[in-house]
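Undergrad: My questions concern the predicted model and sequence given below.
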Amino acid sequence: MASERNGQFVLSLLPVAGAMLAVPRLSDVRHDSRRMRDMMRNLAYSEANVAEGRWWTQFTFAFVHRDETHLGSNLLTLVPFAYAVHAAFGCAWVPIFLGGSFFGAQDAAGKRLQAARRISEPLSLRDWAPKPAADAVDKVTRRVATWLAPSVTRSMTYVGASAGVWALQGTAVCLSLEQLIALCSTASYDELNRTTVAAHLWSIFAVTSEYVVALQKIATGSSDGIDHAGHVDGFVFGIGVFALLRFAQAVGRRRRRLPLVRGGVLLSPAVARQLERR
């Protein structure tokens, strides 16, 4: 059973990883201005690209990476978290990955916030001017930055699988938390597998701390681009998908337990299932 599940995971992973490896890195075409322009127009995501009718870039950007380091980082993160989600939900990890990428691309508000903070924070006077003057200037610069942000983000490009990977991380964190609660509620302290508990705790801490760092970078404008807004969106999407899947499973279990009445006759669960299949 485990070998069959692992085989299914590998088969589902191959097209995703293969597409990421097949698409040239931007660093590979930086000396060819025509190819670079074509990739940024037809594969990378930007609001301008979608407005011009290239809707597919809302998905294809996930397979474009800046360089080998960017690609390697995303692949090395993708595999373990995709495997964890596959163990619980099977090949649904693929639509979670693609959905997280798409959702990360859609959030214009988050990207504009990150861009606005990136514009306004370097102009802050709080470190050397009197507080009343610094507050007044900061208020003006933030308003101007908020006004400028939509025109700035419209042409900003977004590439990489990070949003999709973060969606898988969001789902995987929920799974770890669920398993941790199940372990602690069904076993006494002496019976607990402390190694397993520690592994779940570390997984939850490692991912959520990255999430907090991403929020901090958005709030302080301490990072270039619009990537962190997409990361946060992907993470939230993954948590939402986990909640929906578990809700659907709970509804399905409840329906299977409910008695089925036909013509005033109470049917057995086995007969009811046969009728439902028809």
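TA: Right, received. Where do you want to start?

Undergrad: per-residue confidence at Ser209?
TA: In this prediction, Ser209 carries a pLDDT score of 86.

Undergrad: and it, how many residues sit next to it?
TA: By other Cβ atoms under 10 Å, the residues close to Ser209 number 10. Heads up, the C-betas are built off the backbone N, CA and C, glycines and all.

Undergrad: So which elements touch the host helix or strand of it?
TA: For Ser209, the enclosing helix or strand under DSSP states H and E is helix 194-220. Helices and strands in packing contact with helix 194-220 are listed as helix 108-120, helix 162-186, helix 227-257; criterion 3 or more Cβ pairs under 8 Å, 6 or more residues apart in numbering; DSSP states H and E.

Undergrad: got TSV for those, with mean neighbour count too?
TA: Rendered in TSV, the data for the helices and strands packed on helix 194-220 read as follows (neighbours: other Cβ atoms under 10 Å):
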stretch	mean neighbour count
helix 108-120	21
helix 162-186	21
helix 227-257	18
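
Undergrad: any chance of those helices in a markdown table, plus mean pLDDT and distance to Gly53?
TA: Converted to a markdown table, the helices and strands packed on helix 194-220 look like this (pLDDT from 0 to 100; distance: least, Cβ to Cβ, whole Å):
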| stretch | mean pLDDT | distance to Gly53 |
| --- | --- | --- |
| helix 108-120 | 69 | 18 |
| helix 162-186 | 89 | 22 |
| helix 227-257 | 85 | 22 |
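
Undergrad: closest one to Ala88 among those?
TA: Closest approach to Ala88 among those (Cβ to Cβ): helix 162-186, 5.4 Å.

Undergrad: May I see the buried residues of the helix or strand containing Gly72?
TA: Applying DSSP H and E as the criterion places Gly72 in helix 68-89. Under the neighbour-count criterion of 16 or more other Cβ atoms under 10 Å, helix 68-89 has 70-71, 74-75, 77-79, 81-86, 88-89 buried.

Undergrad: Out of those residues, the closest to Val197 would be?
TA: Using Cβ to Cβ as the measure, the one of the buried residues of helix 68-89 that approaches Val197 most closely is Ala84, at 16.2 Å.

Undergrad: quick one on the thing from earlier: what's the closest of the buried residues of helix 68-89 to Gln169?
TA: Distance to Gln169, by Cβ to Cβ, is smallest for Phe81 among these, at 5.3 Å.

Undergrad: what sits against that closest one?
TA: Taking Cβ atoms under 8 Å, 6 or more residues apart in numbering as the criterion, Phe81 is in contact with Val165, Leu168, Gln169, Thr171, Ala172.

Undergrad: Which parts of the stretch 1-150 of the chain are strands?
TA: Along the stretch 1-150 of the chain, no stretch is classed among the strands by DSSP state E, counting those that start in this stretch.
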